[in-house]
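> Make a model of this:
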Amino acid sequence: MRQFIGTKLILFNTSVTYLRMFLSIGLSLLSSRWILSALGQTDYGLYAVVAGIMGFLSFLTGAMTGSAQRHFAFAIGEGDDDSVSRWFNASCMLHIGLALLLIIIGLPFGFVMMAHVLNIPDARLAVCKSVFFLTILTVMIQVVSVPFSGMFTAKQRIYEVSVFQFTQTLLMVVFAYVLKNISGDRLLVYALGVMVIALLTSWMMIVRCRTIFKGCRVRGYREAGTFSRVKELVSFAGWNFFGALGFVGSNQGMAFLINVFSNPRINASFGIANQVTGQVAGLSQAFFNAVAPEITSSEGRGQRERVVSLSLRTCKMSVFLMSLLLIPIFFEMDHILKFWLADVPPFTSALCRIVLLAFLVDKLTIGYMVAVAAHGQIAGYQATLGGALLLAPFITWVMFVLGFGVVSAVGCGLLATRIVCSLGRVWWVRKLMQVPLKRWFWAVPVRLISPSILASMTAWGIQCFFVPSICRVALTLSMCAVIFCVTGWFFAFDEKEREYLAGLVKKCLQATRASSR
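Numbering: from 1, shown residues only. Alright, predicted model coming up:
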């Protein structure tokens, strides 16, 4: 019965998240075009690299987020409400301290980077420092709200988080439209607007969390056991810090190297590539966010086989859902960018393809990442993967020094490290949970290879017979989706998954007919 309820909740959370995501994708792409037009390629690239400094420092937040959610979900799985409340208070105290630490470390670090390392025009240095200060405030707001968003996730009320995220997207669209008509330094105004929107949406989420969850109260350090819980959160996150540092260092390190060895316009291209990846990743992230708390709670209940089964399905479904858009976008990238941005920065198309491919490789084992975190023994895992990710900027730097172009340098750095990380996750799950390597191999890549090949052949065939146009893009998207879903039904899903999906479709049709009467 508990598994049935968990499955229904996963489905509901995923459905609501997808609805939010599809609406957000269109709005985000529209706002990105307006922002790029308002700021220009140079200022857009400068914002990407300046904000990236704060992103490099905020790897602490990513590590602590995983730690907080893990302990919340584990306590919920054990059925101990008092323990959940105590963990929440400890997490709040820790994140308030982290927010203060970020501004203490962030300001001097960022100013030194901008003055002595990054390629920033002298005329824009003063403005970039102001933008950086506003970015620090934005990240501090997000850090303080982490325990509240973590509680929504751990309670599996992800549909409410989707409401807050969509509100933020909607406000950004309105702001992007207004930005085009604002006189003065738009880069500074843009940074200020992003901070205000983050403050407003975070406040809404915090108020809602405190209203519906009685245990979400900040009692301070005086509560018994707070220091010991903070210590355990930090201890668990200690190796998460290394893994998060590897991920952020990989991405932001690339941005810094592009800035040093090229110019801010190429940073704009890399920023756009990451944004495109973020939109496509939403397809898989929606399912991932819905199922991750159930994986952790299942481990808390001692249901190891359910943990492994859900992890493998998360790997497969994440790649499957992401490939629905990635394959046609990969083939139609040039025309999509021209239609979307009009004035496309150099190397944007090639960088988008590389970042998307690297992200797809990483998603092949994304479910195993949650399984290892739920298991709890993460020291060796994070050391291996974090170290591999930190090699990406080093490989890229070597390629730049040897005289290779930006596309070759970034491609080698990203793809090599993402392949190592995916294989590393499979190895660590085998070591920690005694799951055979072949179980992942046959459940994920083997089942997805046939739909991927057939969809790719379809996209290539359409390109051969039709001239570039919006109609061709629409045809490629629709035909690839049909081919991928049909072949996926027979090759990607096993018998139990097909029975479940068929029953789900039948229930949806019955509900639709009943409502139409």
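> which stretch of helix or strand covers Leu233?
Per DSSP states H and E: Leu233 is located in helix 226-261.
> and what of Ala268?
Using DSSP H and E, the element containing Ala268 is helix 264-300.
> That helix - what's its average pLDDT?
Mean per-residue pLDDT for helix 264-300: 72.
> Same question for stretch 161-177.
Over the span of stretch 161-177, the pLDDT mean works out to 85.
> Could you pull out the buried residues of that stretch?
Buried positions in stretch 161-177, judged by neighbour count with 16 or more other Cβ atoms under 10 Å: 161-162, 164-173, 175-176. Glycine gets a C-beta too; all of them are placed from N, C-alpha and C.
> quick one on the thing from earlier: same for the very next helix or strand once past the helix holding Ala268, what does it pack against?
Moving toward the C-terminus from helix 264-300, the next helix or strand (DSSP H and E) is helix 304-331. If contacts are counted by 3 or more Cβ pairs under 8 Å, 6 or more residues apart in numbering; DSSP states H and E, helix 304-331 sits against helix 264-300, helix 348-363, helix 366-375, helix 406-433, helix 437-443, helix 445-465, helix 470-491.
> Next, Ile182: secondary structure please.
coil (DSSP: H, G, I helix; E, B strand; the rest coil).
> How about it, nearest residue that isn't a chain neighbour?
Closest residue to Ile182 apart from its sequence neighbours, by Cβ to Cβ, 6 or more residues apart in numbering: Val189 at 5.6 Å.
> Which of the three states applies to that neighbour?
Under three-state DSSP, Val189 falls in the helix class.
> Report the separation between it and Ile103.
Between Val189 and Ile103 the computed distance is 22 Å (Cβ to Cβ, to the nearest Å).
> Please apply the same query to Tyr381.
Here the criterion is Cβ to Cβ. By it, Tyr381 lies 31 Å from Ile103.
> of those two, who's got more company?
Neighbour tally, Tyr381 and Ile103, criterion other Cβ atoms under 10 Å: the higher count belongs to Tyr381, 25 against 14.
> Spatially nearest residue to the more buried one (excluding sequence neighbours)?
Distance criterion Cβ to Cβ, 6+ apart; nearest residue to Tyr381, sequence neighbours excluded, is Trp428 at 4.6 Å.
> same deal with Phe152?
Computed as Cβ to Cβ, 6+ apart, the closest residue to Phe152 that is not its neighbour in sequence is Val161, at 4.9 Å.
> The helix or strand where that neighbour lies packs against which elements?
Element membership for Val161 (DSSP H and E) is helix 158-179. With contacts taken as 3+ Cβ pairs under 8 Å, 6+ apart, helix 158-179 sits against helix 2-57, helix 146-154, helix 186-212, helix 264-300.
> Can I get the second one as CSV, trimmed to CA atoms?
It refers to helix 146-154. Provided in CSV are the C-alpha atoms of helix 146-154 (Å, rounded to 0.1, in the frame of the first residue of the first chain):
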residue,chain,number,x,y,z
VAL,A,146,17.2,26.1,1.1
PRO,A,147,15.8,24.3,4.3
PHE,A,148,12.3,25.5,3.3
SER,A,149,12.5,24.2,-0.3
GLY,A,150,14.2,21.1,1.1
MET,A,151,11.2,20.4,3.3
PHE,A,152,8.8,20.7,0.4
THR,A,153,10.9,18.2,-1.5
ALA,A,154,11.3,15.8,1.4
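> change the start of the numbering to 53 and stick with it
Okay, residue one is now 53; in that scheme the one you just asked about reads as helix 198-206.
> could you give the angle of that helix to helix 210-231?
Calculated by axes from the mean of the first three to the mean of the last three Cα atoms, to 10 degrees, helix 198-206 forms an angle of 130 degrees with helix 210-231.
> residues contacting the closest residue to Arg499 other than its chain neighbours?
Spatially, and ignoring its direct neighbours in sequence, Arg499 is nearest to Ala544 (4.7 Å; Cβ to Cβ, 6+ apart). Contact analysis of Ala544 by Cβ atoms under 8 Å, 6 or more residues apart in numbering lists Lys368, Phe372, Arg499, Leu500, Pro503.
> Ala533: neighbouring residues, count only.
Using other Cβ under 10 Å, the number of residues around Ala533 comes to 17.
> Please name the nearest non-neighbouring residue to it.
In space, and not counting its chain neighbours, Ala533 is closest to Leu376: 5.5 Å by Cβ to Cβ, 6+ apart.
> Go ahead and confirm the one you found touches Ile535.
No. The criterion here is Cβ atoms under 8 Å, and Leu376 misses it with Ile535 at 10.5 Å.
> And those two? Which one has more around it.
Taking neighbours as other Cβ under 10 Å, Leu376 and Ile535 compare with Leu376 leading, 21 against 18.
> Contact partners for the more buried one?
Residues near Leu376 by Cβ under 8 Å, 6+ apart: Leu335, Cys532, Ala533, Phe536, Cys537.
> separation between it and Leu529?
From Leu376 across to Leu529, the span is 9 Å (Cβ to Cβ).
> And for Arg262?
43 Å.
> Looking only at neighbour counts, state which of these two leads.
Taking neighbours as other Cβ under 10 Å, Arg262 and Leu529 compare with Leu529 leading, 19 against 15.
> In contact with the more buried one: list those residues for me.
Leu529 makes contact with Leu377, Pro380, Glu384, according to Cβ under 8 Å, 6+ apart.
> For those residues, give me TSV that also has distance to Met256 and pLDDT.
Putting the contacts of Leu529 into TSV (distance: Cβ to Cβ, whole Å; pLDDT from 0 to 100) gives the following:
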residue	distance to Met256	pLDDT
Leu377	30	82
Pro380	36	90
Glu384	37	89
